[in-house]
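Engineer: Everything below, folded, please.
(chains A and B)
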2 protein chains.
Amino acid sequence: MRKVVKFGGSSLADSKQFEKVGNIISADESRLYVVPSAPGKRFSKDTKVTDMLIKAYEITVEGGDLGEQLKKIKARYDEIIDGLGLEMTLDDEFATIKENLEKNPYLDYASSRGEYLNGKVLANYLGFEFIDPYETIFFNEEGQLNDYKTNKVLKKRLEEVEHAVIPGFYGQGKDGRVKTFSRGGSDVTGSIVAAAAGVDVYENWTDVSGFLVADPRIVEDPETISTITYRELRELSYMGASVLHEEAIFPVRSKGIPINIRNTNRPQDEGTWIVESTAKKPAYTITGVAGKKGFCSITITQALMNSQIGFGRRVLQAFEESDISFEHMPSGIDTLSVVVHEDEFLLKEQEVMARLHRMTEPDSIEIESDLALIAVVGRGMKSQSGTAARLFAALANANVNIRMIDQGSSELNIIVGVANNDFEAAIRAIYENFVARV
Amino acid sequence: MRKVVKFGGSSLADSKQFEKVGNIISADESRLYVVPSAPGKRFSKDTKVTDMLIKAYEITVEGGDLGEQLKKIKARYDEIIDGLGLEMTLDDEFATIKENLEKNPYLDYASSRGEYLNGKVLANYLGFEFIDPYETIFFNEEGQLNDYKTNKVLKKRLEEVEHAVIPGFYGQGKDGRVKTFSRGGSDVTGSIVAAAAGVDVYENWTDVSGFLVADPRIVEDPETISTITYRELRELSYMGASVLHEEAIFPVRSKGIPINIRNTNRPQDEGTWIVESTAKKPAYTITGVAGKKGFCSITITQALMNSQIGFGRRVLQAFEESDISFEHMPSGIDTLSVVVHEDEFLLKEQEVMARLHRMTEPDSIEIESDLALIAVVGRGMKSQSGTAARLFAALANANVNIRMIDQGSSELNIIVGVANNDFEAAIRAIYENFVARV
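Structural biologist: Numbers count the residues shown, from 1 in each chain, chains lettered A, B, ... in the order given. Presented below is the predicted three-dimensional model:
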């Protein structure tokens, strides 16, 4: 068994957290390669080191003096170094950063230094080799990961060492400058390292014990999902249930490597396994429920609509020409509703309406706003008949009016539209019925 | 109160039926204008006069002798004339028809003569004036009704007479030849006459006491719908619950004239009222349920589909370019299903699949066949919460698996996809739950 382990910012926020990480690594000798984030918040009003670095960059651009800000940042690392009793300093590294920022400041360089420095400290603490992603992870001209080159170089480099720390979040751009992934991108680095090393598991350590069946801000103390497929995860995270960076899925998924989400503060919890597919029976009919507010639906009515080939396409084209993506397009007999993000739509409302009128010559168009979408997701729904009955009974009992339903042949999810006002009640009713009372 | 009354073929199949029609007309002096079909079947293996006329046309085209066939047709009318004791013959009319068919045979002329002759007999029987639609109903170059001219000429002509018989089914084409509506087109004529005369009611007399809540071939002795809106009717008839010719709705609907479907054989029944809108509370939550077998769904899966503006449009365009109309497009998060008529799709399956692959580069495409669609329709569904719960509970109890659900914001209908095999069971379960057990 070989593993890549990635630790999030809160798992490495101070020396106490570093000790937990050290214990986790030493508890399992299969944890070979470690991908750290930059130190995160130690308490809710704290500032992440990455944000401190971004501020340092802003100070430079505005022609200010970097000294004070870099001192604050260095203090974060010195607390860790001192707390762990390490014999090292980051004096040289900070001197280089200061020099580079003063000579040639750019955001990606500045914001990537948090991971770089944390990787140096962690490598020293663990006694692992430090591998700089600047030399092993590459982007192409379009700013996307250069899969081929990265995999080739990184794989070779990892073969040379038994243990290593590879900082997350950045790599080398086509122009030779440091380039970062989007925020939260250390998840992506972990996935790339796991794929290149061809390990058996990608452990992603964070501050929660895995994915929850429902949003804890809505449902009190929801259950953890023990196993979720990539597909289910993607569907739930699309609807707002986010723990993992979306792009982090693809590298490991393509290699068939499962992800195990773990809690640094509760290493005894098994966390959530994210897998390609599983014969494991899900604990509940639904794997999860998630949703988002702030949609609206534009309902176009036209008699004999179905006999006009191209009607639906023209409707979608009207939205496309205004650069508005649609979420769903439920249709009746002479009606067709297009569900879109309300804020995106409102900016171009009149333009879209004019286009729709011109392109489809409808009998009428009605706009309904304040719509929330809820995705009820589960691989167990397919085999369990009566899921729809149970779902709509739960919603009816909670006095939630259904404003839209969309279920295609995948049978992996049902999308329900409700009023924004009914959103929380609907989520709770679904959780109660499918999970809490089971 | 002024009415236009239209009688279907079975209402005028023989002299006994003509007597019923006569009684209906004389029972209500507001029945001013009468639109007859051609004589229909007197018993189940009987041949409709229109079909006999089409055969006569075919005989002519093949160079055969018309005499025998026209004699058979004339016998149908003579039975009526003799049965009613009318003092008239159709000798001249049949001579003209024979001459015209021999000189210049064309299908529309031949098939329209059933109504023409029946109009002559009915006018004589009722003592009403005969108005030939050849002189009052006009088509444009595209073969569609010339609304403006028809309305102007017909209106003027109707103002000149208190009572009249206007045969259904045909009018005058732009080329000066007789032109018919599609089969069942007498319903359209009735609607056009009602609109031109500006009457209060368009009575459409047939051999059933109105529209039924469900298909009587599936549900035993279903209830009659007492009041249905044009919208509801359109939705149910689209799904196969057909009594009225579709195009018959538009002329009266645009003038706000309600249609009353009545039964010639049971004039005491109130039948079904078709109205624009009504404050009348519906008897049941659903107004009707109808459906069709023979659909299939093509499910396209692609990760991060929603972030690609234009994806849905391209999918629909692929179908459009193969000239295939789609019925519904339910979508999940990374999937999108297109529901189409199976027979239409199978003819062009490989062409469409190639186009879809080329235009959308999907992760996978799956085809699921043997899908039946069911529309549960009712203006009462909007105000009644829990309709979806009730519907899916009924289906779950009947062990029907749901393969698709589509409900947009109109809330006037829910579309459910089930396996062809489950179709009848599903319809019965819905009827039982929403109507029979109430």
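Engineer: contacts, neighbours, all on C-alpha from now
Structural biologist: Will do.
Engineer: Span of stretch A:378-391 from start to end?
Structural biologist: One end of stretch A:378-391 to the other measures 13 Å (Cα to Cα, to the nearest Å).
Engineer: Just give me the neighbour total for the closest residue to A:Thr229 other than its chain neighbours.
Structural biologist: Leaving aside its chain neighbours, A:Thr229 sits nearest to A:Val275 (4.8 Å; criterion: Cα to Cα, 6 or more residues apart in numbering or on different chains). Counted with other Cα atoms under 10 Å in any protein chain shown, the neighbours of A:Val275 add up to 20.
Engineer: Could you pull up the residues touching A:Val275?
Structural biologist: A:Thr227, A:Ile228, A:Thr229, A:Tyr230, A:Arg253, A:Gly256, A:Ile257, A:Pro258, A:Ile259 (Cα atoms under 8 Å, 6 or more residues apart in numbering or on different chains).
Engineer: Could you identify which of these has the most neighbours?
Structural biologist: A:Ile259 leads the contacts of A:Val275 on contacts (other Cα under 10 Å) with 26 neighbours.
Engineer: wait, it sits on A:Glu276?
Structural biologist: No: the pair A:Ile259 / A:Glu276 is not scored as a contact, 9.7 Å apart, by Cα atoms under 8 Å.
Engineer: so how far is B:Arg313 from the residue lying closest to A:Thr287 once chain neighbours are set aside?
Structural biologist: Spatial nearest neighbour of A:Thr287, chain neighbours left out: A:Gly378 (4.5 Å); criterion: Cα to Cα, 6+ apart. According to Cα to Cα, A:Gly378 and B:Arg313 sit 28 Å apart.
Engineer: Taking the stretch 1-150 of chain A, what residue is nearest to chain B?
Structural biologist: Residue of the stretch 1-150 of chain A nearest chain B, by Cα to the nearest Cα: A:Gln144 (15.8 Å).
Engineer: first vs last residue of stretch A:216-229, how far apart are they?
Structural biologist: 21 Å.
Engineer: Beyond whatever helix or strand A:Arg262 lives in, next helix or strand please.
Structural biologist: Assigned by DSSP states H and E, A:Arg262 falls within strand A:259-263. As assigned by DSSP H and E, the chain's next helix or strand after strand A:259-263 is strand A:272-275.
Engineer: buried stuff in the helix or strand A:Tyr57 falls within?
Structural biologist: Using DSSP H and E, A:Tyr57 sits within helix A:49-61. For helix A:49-61, the neighbour count (16 or more other Cα atoms under 10 Å in any protein chain shown) marks A:Val49, A:Thr50, A:Met52, A:Leu53, A:Ile54, A:Lys55, A:Ala56, A:Tyr57, A:Glu58, A:Thr60, A:Val61 as buried.
Engineer: Touching stretch A:408-419 from outside, list them.
Structural biologist: By Cα under 8 Å, 6+ apart, the list of residues contacting stretch A:408-419 reads A:232, A:370-382, A:400-407, A:426, B:297, B:299, B:329-332, B:335-337, B:368, B:403-405.
Engineer: circling back: return the distance of the residue nearest to A:Thr287 relative to chain B.
Structural biologist: 12 Å (Cα to the nearest Cα, to the nearest Å).
Engineer: What values do phi and psi take at that residue?
Structural biologist: The phi and psi values for A:Gly378, taken as degrees, to the nearest 10, are phi 180, psi 130.
Engineer: Domain-wise, how is chain A divided?
Structural biologist: What automatic domain parsing lists as the domains of chain A is A:3-275, A:288-436.
Engineer: For these, could you give me a markdown table that also reports mean pLDDT?
Structural biologist: Formatted as a markdown table, the domains of chain A follow (pLDDT from 0 to 100):
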| stretch | mean pLDDT |
| --- | --- |
| domain A:3-275 | 94 |
| domain A:288-436 | 91 |
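Engineer: circling back: from the contacts of stretch A:408-419, which land in helices?
Structural biologist: Counted as lying in helices by DSSP state H, out of those, are A:Glu232, A:Ala426.
Engineer: Mind checking which of A:Gly378 and B:Arg313 has more residues around it?
Structural biologist: Applying other Cα under 10 Å to A:Gly378 and B:Arg313 shows that A:Gly378 carries more neighbours, namely 25 against 21.
Engineer: from what I can see the more buried one touches A:Gly288, true?
Structural biologist: Yes: using Cα under 8 Å, A:Gly378 makes contact with A:Gly288 at a distance of 6.6 Å.
Engineer: thinking again about what came up before, and of the contacts of A:Val275, the nearest to chain B?
Structural biologist: A:Tyr230 (10.3 Å).
Engineer: Please enumerate the helices of chain A.
Structural biologist: According to DSSP H, the helices that chain A contains are A:15-27, A:49-61, A:67-84, A:91-103, A:107-126, A:147-159, A:186-197, A:230-238, A:249-255, A:311-321, A:342-347, A:349-360, A:387-397, A:423-431.
Engineer: pull the CA atoms of the fifth one into PDB?
Structural biologist: So the one you mean is helix A:107-126. As requested, the backbone C-alpha atoms of helix A:107-126 are provided in PDB (Å, rounded to 0.1, in the frame of the first residue of the first chain):
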ATOM      1  CA  LEU A 107       0.700  37.800  -7.800                       C
ATOM      2  CA  ASP A 108       1.200  34.100  -8.600                       C
ATOM      3  CA  TYR A 109       4.800  34.200  -7.200                       C
ATOM      4  CA  ALA A 110       3.800  36.000  -4.000                       C
ATOM      5  CA  SER A 111       0.700  33.900  -3.300                       C
ATOM      6  CA  SER A 112       2.500  30.600  -3.900                       C
ATOM      7  CA  ARG A 113       5.300  31.300  -1.300                       C
ATOM      8  CA  GLY A 114       3.000  30.100   1.600                       C
ATOM      9  CA  GLU A 115       3.100  26.600   0.300                       C
ATOM     10  CA  TYR A 116       6.700  26.800  -0.700                       C
ATOM     11  CA  LEU A 117       7.800  27.800   2.800                       C
ATOM     12  CA  ASN A 118       5.500  25.400   4.600                       C
ATOM     13  CA  GLY A 119       6.900  22.600   2.400                       C
ATOM     14  CA  LYS A 120      10.400  23.500   3.500                       C
ATOM     15  CA  VAL A 121       9.400  23.400   7.200                       C
ATOM     16  CA  LEU A 122       7.400  20.200   6.900                       C
ATOM     17  CA  ALA A 123      10.200  18.400   5.000                       C
ATOM     18  CA  ASN A 124      12.600  19.400   7.700                       C
ATOM     19  CA  TYR A 125      10.200  18.300  10.400                       C
ATOM     20  CA  LEU A 126       9.400  14.900   8.800                       C
END
